[in-house]
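**Q** sequence and predicted structure below; questions after.
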Amino acid sequence: MVASYTNLLMYLKYLAVIIFLVMGINLIKNQNLQFPTQELKLTKSSDWSGFYAGFLVILGNPKAALFYLGILPGFFNLVTLTLIDCIAIALTSALIPFLGNVALSVMIEKSQKILSSSAAMRKLNILSGYLLIFVSLLIFIEAFKYNL
């Protein structure tokens, strides 16, 4: 199937090169952009509203549902599972993503504090711009190499 769409995929690679290049140049040109200073809240004003929103997003994630319903049972002999095994699997399946999300939220909060200064945002925008340009060049070289 990939062989029949080779030209389309090549054009998509060149489109990605252009998009990354434009994004990188725009980040470098607009290097003084800041985080929004206004408080961005969910529509419901409670401490738990963010938790509920994240919980609903995770519940609605089709990849997670496919994993837990399709792939995870293949790792266990369902005939010999006991109630203790099911509890251990459920706790592990809940605890690991929870800890990952907590760590991610802590990192986001710390990075927001670090990047609140205009000098830090300027450096981040410049670095991000150059990295986007670098990625666009890598994609271009890879696409050009296979086009020869």
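**A** Arrived safely. Numbers count the residues shown, from 1 in each chain.
**Q** helix or strand for the residue nearest in space to the middle of the chain, which one?
**A** The geometric centre of the chain, computed from its C-alpha atoms, lies nearest to Leu104 (C-alpha atoms, centre = their mean), at 11.1 Å. Here Leu104 sits within helix 83-114, counting by DSSP states H and E.
**Q** and the closest residue to Gly54 other than its chain neighbours, how many residues sit next to it?
**A** Leaving aside its chain neighbours, Gly54 sits nearest to Asn101 (7.1 Å; criterion: C-beta to C-beta, 6 or more residues apart in numbering). Every C-beta, even on glycine, is put in place using the N, C-alpha and C of the backbone. By other C-beta atoms under 10 Å, 14 other residues sit near Asn101.
**Q** do Asn26 as well
**A** 14.
**Q** which residues does it contact?
**A** Contact analysis of Asn26 by C-beta atoms under 8 Å, 6 or more residues apart in numbering lists Gly129.
**Q** if we go to 6 Å?
**A** Residues near Asn26 by C-beta atoms under 6 Å, 6 or more residues apart in numbering: none.
**Q** now for the chain, the helix or strand with the poorest mean pLDDT.
**A** helix 49-59 (a mean of 78; mean pLDDT, DSSP states H and E).
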